[in-house]
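Novice: Sequence below, structure please.
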Amino acid sequence: MLPTLTIAGSIDDKLSIMTKLYEYFLASRKSQSHFFKNVASLDYLMSIHEPTDEDLGMAIKRELVELYSNYFTDVTVTVNLTTEDNSFYSVGILIETGDGYTLDRSVSVVSNKIEMFNKNIRLYK
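Specialist: All right, here's what the predicted structure looks like:
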């Protein structure tokens, strides 16, 4: 079960958990929630890494594996950074679990701010 900050209380549907964890990763700052003390957010990672830095992709992968491993087994993450220039780039994220769940999404980043979510979302079991 994943706790939420809404009247819903907790989420136990695995597809919903996949989506909510991704939203948390995009929306929060490092250690903003006591539920995920050791997980840094995308916003935080972008603040400490340049978009052309290979370490950004590796850091995103490491943080998402740690976050999703609390709820799923055998989590694998693939990150694809496409850089136009230092002020605009996209981050493609594919998360697959041993439980058979997959989340495939991307965001556009302008001047280190997440500007647009990919409308073509794949989320399935």
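
Novice: what about the chain, any weak spots by pLDDT?
Specialist: Where the chain drops to pLDDT under 70, the residues are 28-38, 86, 116-125.

Novice: Tell me which stretches of it form strands.
Specialist: 2-3, 10-11, 76-85, 88-96, 102-110, 113-117, 122-124 (DSSP state E).

Novice: buried residues in stretch 44-51?
Specialist: For stretch 44-51, a neighbour-count test (16 or more other Cβ atoms under 10 Å) marks 44-46, 49, 51 as buried. C-beta here means a position set from N, CA and C on the backbone, and glycine is covered the same way.

Novice: I misspoke; the intended subject was stretch 84-102.
Specialist: By 16+ other Cβ under 10 Å, the buried positions in stretch 84-102 come out as 89-91, 93-97, 101.

Novice: Need the residues that contact it.
Specialist: Contact with stretch 84-102 is made by 14-15, 18, 22, 42, 50-52, 60, 64, 68, 72-83, 103-111, 122-125, as judged by Cβ atoms under 8 Å, 6 or more residues apart in numbering.

Novice: picking that back up, export the buried residues of stretch 44-51 to TSV and append columns for distance to Thr6.
Specialist: Listed next are these as TSV, based on distance: Cβ to Cβ, whole Å:
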residue	distance to Thr6
Tyr44	23
Leu45	26
Met46	26
His49	31
Pro51	32
